[in-house]
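Peer 1: no FASTA, just this:
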Ligand SMILES: O=C([O-])CC(=O)C(=O)O
Ligand SMILES: [Mg+2]
């Protein structure tokens, strides 16, 4: 590990105008007095320091020369200026040219575009993140539409599948059964002490790809890079964690290069004891306000962990709650195109796991609130199909608990197509992880019953999508309103260009998390998810609607995230869940001021 130390200083320590310069001068003087060498770097992001508002933190790299260039947080590569090279013993270590950050970006985009294989682009991006963190984030923010599919779905799925062979350097913490009894000690090995967001997986259900064991690490790493790029949470406050309790994936167990524990998954008491120790250690080490995002756990554990810890920790399940919030936003926005209220529609899901039942419940909650009807009544507008067919009351006894609320009165129906014909939904949502499950007949049936069928194929990555954008438009004769979990290119059909939306929780969790952090929220309430949905739906412009879009483009995601953060924070204050006082008057401005920006500072 580099001899790197962070220091945080309260705004009040320097006060007034010229804050940065005075702060930096003071720090440099202190370092000189101690005979220390190194650079002082400002991160314009929230520093949680008691109740004070500190919209920036200072990090001091007590390194010079070659070591400074090897420190990804402070390295600028060929963008170190002549002055900086002289002052920090870098002369001769770099070629003579001095590039601006923009020129570095241009060069990197050119290199990335030359790679034909997506995984090569992914690896190039990971290399950059390990080499020059600010440039990585600047590139990702400035080219978000192009690079999201590289660092996130679909490529991150392939990266996880091949993680054993592409693994180079730890990017997060691995906590395995071997560490039982000493998890707190393991947490203390992580170099950063002031953590605001943890994304944790146990690798049992990575996207729609199934059990990838320890190789699931790519997911928390990818999600957290979006927390920073899309939501402005500073990178040093993000901690990716993979909990390794074994894997039931025989291919991995047989692979000599598999990086995880070579045993079948621990379950039951052994599993829950490890997780209990983990949850307690996190709270003990990072305090009550650290956000713990559960990601890609299998259904049976995901629901149980959320239910168990939502009253004692700040926990968020992205696959249940994040996906629900993003889909509800899309549905609310879609009403402008298809007409009616949510309560006027009928919803049919293929897939009754975390995403399916999570979305269904949030839709029901919204309908119930808006129409003042009991939740049970609102649920009756929503039907789910699982691997055994339509979920109906005669199946109730054998259903897992999270499916029971959806067992309505109806005769049994086995196939999706028959269910579509029987239920006559206006909205069809795929959360099944079964690629191609929306067949031509299914889409045609939707199109025969609806002027503008709403079709969401949410499973990830692209290979698991229930249908492609092209299939949805073609089979519905250009009438479908379509969105998918993983991105699809625009489609030309009958001389018209159709732009599909991306209904991915990446719209929600970065801004949602920022809203929680900046308000010091300590528990998550369903109303915060509804607030996030409303905020996202409100960001869809007339121009977007004119193109048939039900989500705004990712290009403006930082602005969108600031609005989501502000709306979520406002709701948290209203519900008395926010601990940061006084409440900032303008929450959007405040959210924006809290966001990390990856522009290079100048080191004197
Ligand atoms: O990661 C994504 O793209 C969305 C997600 O949470 C999942 O599919 O599990
Ligand atoms: Mg997920």
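Peer 2: The structure has been received and is ready for your questions. Just so it is clear, the model here is predicted, and its values are computed rather than measured. Ligands and ions are numbered 1, 2, ... in the order given.
Peer 1: what residues are up against the residue in the stretch 501-604 of the chain positioned nearest to ligand 2?
Peer 2: Distance from ligand 2 to each residue of the stretch 501-604 of the chain (Cβ to the ion) is smallest for residue 505, at 6.9 Å. The way it works is simple: take the backbone N, C-alpha and C, and place the C-beta from them, glycine included. For residue 505, the residues meeting the contact criterion (Cβ atoms under 8 Å, 6 or more residues apart in numbering) are 318-319, 322-323, 325-326.
Peer 1: Turn these into TSV, columns for secondary structure and distance to residue 453.
Peer 2: TSV is the format used below for the contacts of residue 505 (DSSP: H, G, I helix; E, B strand; the rest coil; distance: Cβ to Cβ, whole Å):
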residue	secondary structure	distance to residue 453
318	helix	28
319	helix	25
322	helix	25
323	helix	21
325	helix	23
326	helix	20
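Peer 1: quick check, stretch 492-508 touching ligand 1?
Peer 2: Yes: under the criterion of Cβ under 6 Å from any ligand atom, stretch 492-508 makes contact with ligand 1 via 504-505.
Peer 1: Give the buried residues for that stretch.
Peer 2: Residues of stretch 492-508 classed as buried: 498, 500-508 (neighbour count, 16 or more other Cβ atoms under 10 Å).
Peer 1: start to end distance for that stretch?
Peer 2: Across stretch 492-508, the straight-line distance between its terminal residues is 29 Å, by Cα to Cα, to the nearest Å.
Peer 1: can you check stretch 232-239 too?
Peer 2: End-to-end span of stretch 232-239 (Cα to Cα): 15 Å.
Peer 1: what's in contact with it?
Peer 2: Outside stretch 232-239, the residues within contact range by Cβ under 8 Å, 6+ apart are 6, 43, 45-46, 57, 59, 73, 133, 137, 172-173, 190, 192, 194-199, 224-225, 227-228, 510, 513-514, 517, 558, 561-562, 591, 594-597.
Peer 1: Which of the contacts of residue 505 sits closest to ligand 2?
Peer 2: The nearest member of the contacts of residue 505 to ligand 2, counting by Cβ to the ion, is residue 319 at 4.4 Å.
Peer 1: For that closest one, give me its contacts.
Peer 2: Residues counted as contacts of residue 319 (Cβ under 8 Å, 6+ apart) are 294-297, 302, 354-355, 358, 505.
Peer 1: Please list the members of the residues you listed that lie in helices.
Peer 2: Among the contacts of residue 319, the subset assigned to helices under DSSP state H consists of 302, 354-355, 358.
Peer 1: Check those and tell me the two furthest apart.
Peer 2: Farthest-apart pair in the ones in helices among the contacts of residue 319 is 302 and 355; separation 10.1 Å (Cβ to Cβ).
Peer 1: where do the contact lists of those two overlap?
Peer 2: With contacts taken as Cβ under 8 Å, 6+ apart, the residues that reach both residue 302 and residue 355 are 319-320.
Peer 1: Which one of these two is surrounded by more residues?
Peer 2: A count of neighbours by other Cβ atoms under 10 Å puts residue 355 above the other of residue 302 and residue 355, at 29 against 24.
Peer 1: contacting residues for the more buried one?
Peer 2: Taking Cβ under 8 Å, 6+ apart as the criterion, residue 355 is in contact with 319-320, 323-324, 431, 458.
Peer 1: which of those are close to ligand 1?
Peer 2: Residues shared between the contacts of residue 355 and the neighbourhood of ligand 1 are residue 319 [Cβ under 6 Å from any ligand atom].
Peer 1: Make CSV from the contacts of residue 355 and add pLDDT to it.
Peer 2: Formatted as CSV, the contacts of residue 355 follow (pLDDT from 0 to 100):
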residue, pLDDT
319, 98
320, 98
323, 98
324, 98
431, 98
458, 98
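Peer 1: From the chain's centre, how far out is stretch 493-507? Work that out for me.
Peer 2: Its chain's C-alpha centre and that of stretch 493-507 lie 20 Å apart, by Cα atoms, centre = their mean, to the nearest Å.
Peer 1: how long is stretch 188-197 from one end to the other?
Peer 2: Start-to-end span of stretch 188-197 (Cα to Cα) is 16 Å.
Peer 1: again, but for stretch 171-185
Peer 2: The separation between the terminal residues of stretch 171-185, taken as Cα to Cα, is 18 Å.
Peer 1: Identify all contacting residues around that stretch.
Peer 2: Contacts of stretch 171-185 from elsewhere in the structure, counted by Cβ under 8 Å, 6+ apart, are 126, 129-130, 186-187, 189-190, 214, 217, 220-221, 224, 239-246, 260-261, 263, 266, 270, 273-274, 277-278, 281, 284-285.
Peer 1: Report the buried residues of that stretch.
Peer 2: Judged by neighbour count using 16+ other Cβ under 10 Å, the buried positions of stretch 171-185 are 171-177, 179, 183.
Peer 1: Just the closest of those residues to residue 587, please.
Peer 2: Ranking these by separation from residue 587, with Cβ to Cβ as the measure, puts residue 172 on top at 30.7 Å.
Peer 1: can you tell me how far that closest one sits from residue 106?
Peer 2: Separation of residue 172 from residue 106 (Cβ to Cβ, to the nearest Å) stands at 30 Å.
Peer 1: Equivalent analysis for residue 334, please.
Peer 2: The spacing between residue 334 and residue 106, counted by Cβ to Cβ, is 38 Å.
Peer 1: More neighbours: the two, which one.
Peer 2: Applying other Cβ under 10 Å to residue 334 and residue 106 shows that residue 334 carries more neighbours, namely 27 against 13.
Peer 1: Quick check: the more buried one is in a helix.
Peer 2: Yes: with DSSP: H, G, I helix; E, B strand; the rest coil as the criterion, residue 334 is assigned to a helix.
Peer 1: Can you tell me, leaving aside adjacent residues, what's nearest to it?
Peer 2: If the residues on either side of it in the chain are set aside, residue 334 comes closest to residue 550, at 4.6 Å by Cβ to Cβ, 6 or more residues apart in numbering.
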